[in-house]
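K.L.:
Okay, sequence plus prediction incoming.
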Amino acid sequence: MRGFVDYRVRIPNGSSSGNRTIEWSLSDHEIEEVRLQKDGETITKSDGSHTPAIDYQIDDDWSATLTLEAEIHVRLKKTTRTDVVNGTNVDVVYREETRNVSDSLDVEVYDLSAYPYYAEYPNGDSGVAIFQSRPWQGYTLTEDGDTRVRGVWRFYTARDTSWDGLVRSNRTASTEVESDAIPVFVHAYPSRI
């Protein structure tokens with residue numbers, strides 16, 4: 001399973017009142033772990049990644065709900081400056097938060113059931129044809145016994161145009177900027193066999 005983990009950190013607005021100024025900044029953030037769950041039970045884990053690729057095996061079930069879950073950890077820094085008679089007092093406090101985000105997909109699980117048909121041609125050559133009732137487009141068997149299956153699904157990616165422009169804001173102004181990271185969605189469609 002391939003996933004895409006994306007998140008934004010909302011930094012609180014700073015404030016100023018009298019002789020006290022509060023500023024927030026992002027100190028650290030990371031995806032700590034990515035988990036793949038089947039029907040609510042974790043079947044495999046991997047280190048944190050924005051683009052996890054997770055190998056898994058499901059046996060004995062015909063359908064399942066797969067959930068990709070990411071654990072995201074964020075650390076914010078709060079700096080409080082207080083003007084006093086002798087100068088400025090600075091107080092720094094860190095706030096940490098961990099969030100789990102997930103997305104689920106219902107899947108149908110089945111094994112390839114291929115039925116071979118053997119033939120012998122008049123010139124003595126042997127041949128084999130393979131038929132399968134499930135949506136597989138091809139089955140390749142090599143001389144050394146390796147097999148490969150091709151499905152009928154074709155994939156393409158398309159971007160969400162609402163991400164073309166983003167708004168960058170600070171305490172006093174906002175400006176629209178061109179996005180350098182445009183998320184795309186993967187779409188699948190069946191081709192004819």
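P.N.:
Structure received. Residues are numbered from 1 along each chain as shown.
K.L.:
Counting neighbours, what do you get for the residue lying closest to residue 189 once chain neighbours are set aside?
P.N.:
Nearest residue to residue 189 in three dimensions, chain neighbours excluded: residue 154, at 5.8 Å (CB to CB, 6 or more residues apart in numbering). C-beta: built from backbone N, CA, C; applies to glycine. If you count neighbours by other CB atoms under 10 Å, residue 154 ends up with 11.
K.L.:
Might one say that residue 154 is in contact with residue 191?
P.N.:
Yes: assessed by CB atoms under 8 Å, residue 154 is found in contact with residue 191 at 5.0 Å.
K.L.:
Tell me where the protein has strands.
P.N.:
15-17, 20-38, 41-47, 63-84, 87-108, 114-120, 126-132, 136-141, 147-151, 153-159, 165-169, 174-178, 184-190 (DSSP state E).
K.L.:
Dump those into TSV; add mean pLDDT as well.
P.N.:
As requested, the strands of the chain are exported to TSV (pLDDT from 0 to 100):
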stretch	mean pLDDT
strand 15-17	89
strand 20-38	93
strand 41-47	90
strand 63-84	92
strand 87-108	91
strand 114-120	77
strand 126-132	71
strand 136-141	66
strand 147-151	72
strand 153-159	76
strand 165-169	83
strand 174-178	86
strand 184-190	76
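K.L.:
Switch those over to TSV; also include distance to residue 7.
P.N.:
Formatted as TSV, the strands of the chain follow (distance: least, CB to CB, whole Å):
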stretch	distance to residue 7
strand 15-17	25
strand 20-38	8
strand 41-47	17
strand 63-84	6
strand 87-108	7
strand 114-120	43
strand 126-132	41
strand 136-141	37
strand 147-151	31
strand 153-159	19
strand 165-169	15
strand 174-178	19
strand 184-190	17
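K.L.:
Quick check: bridge partners of residue 168?
P.N.:
residue 175 (DSSP bridges).
K.L.:
ok, now which ones touch it?
P.N.:
Residue 168 makes contact with 174, 175, 176, 177, according to CB atoms under 8 Å, 6 or more residues apart in numbering.
K.L.:
and what of residue 42?
P.N.:
35, 36.
K.L.:
Give me the contacts around stretch 16-32.
P.N.:
Contacts of stretch 16-32 (CB under 8 Å, 6+ apart): 5, 9, 11-15, 48-50, 70-84, 94, 98.
K.L.:
for that stretch, the distance to its chain's centre please.
P.N.:
Centre-to-centre, stretch 16-32 and its host chain are 28 Å apart (CA atoms, centre = their mean, to the nearest Å).
K.L.:
If you count neighbours, what's buried in it?
P.N.:
Across stretch 16-32, burial judged by 16 or more other CB atoms under 10 Å covers 22, 23, 24, 31.
K.L.:
Brilliant, that's me finished.
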